[in-house]
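> model this:
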Amino acid sequence: MEPIPLPSHIHYELLLQLLERQTMFAVAQKPGIHDQVQQLIITLRKAISQQKRLEEACERYQLPIDYRWSLNTTDQNELIPKDFLSLHPE
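The predicted structure is shown next:
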């Protein structure tokens, strides 16, 4: 059975940290924009929560999950892009 591709949790964490630490600071004195950023943070928190519920459902149905870091990863064994390896010979 093919694993179900899902975004790695780090993607959500990176976005949340950027929005909470940098974007919120940059828009602190701009109430309309500040509220929009706050809504975006709430939406991302809901998205990760929904993904966790999906993961729990997959576990109940014994469906494997493949956490993806990129759209470019097509082979599970190929974790490092070939062009990266060619730029860094041993």
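> can I assume residue 21 sits in a strand?
No - counting by DSSP: H, G, I helix; E, B strand; the rest coil, residue 21 is not part of a strand but helix.
> In terms of secondary structure, what does the longest helix along the chain contact?
Determined from DSSP state H, the single longest helix within the chain is helix 31-60. For helix 31-60, the elements it packs on are strand 4-7, helix 9-17, helix 24-26, judged by 3 or more Cβ pairs under 8 Å, 6 or more residues apart in numbering; DSSP states H and E. Heads up, the C-betas are built off the backbone N, CA and C, glycines and all.
> Next one: the most centrally placed residue in the chain relative to residue 1, how far apart?
In the chain, the residue lying closest to the centroid (Cα atoms, centre = their mean) is residue 11, at 2.4 Å. Shown here: residue 11 relative to residue 1, a distance of 24 Å by Cβ to Cβ, to the nearest Å.
> Equivalent analysis for residue 46, please.
29 Å.
> which of these two has more neighbours?
residue 46 (10 against 6; other Cβ atoms under 10 Å).
> Quick check: pLDDT value at that one.
On pLDDT, residue 46 comes in at 98.
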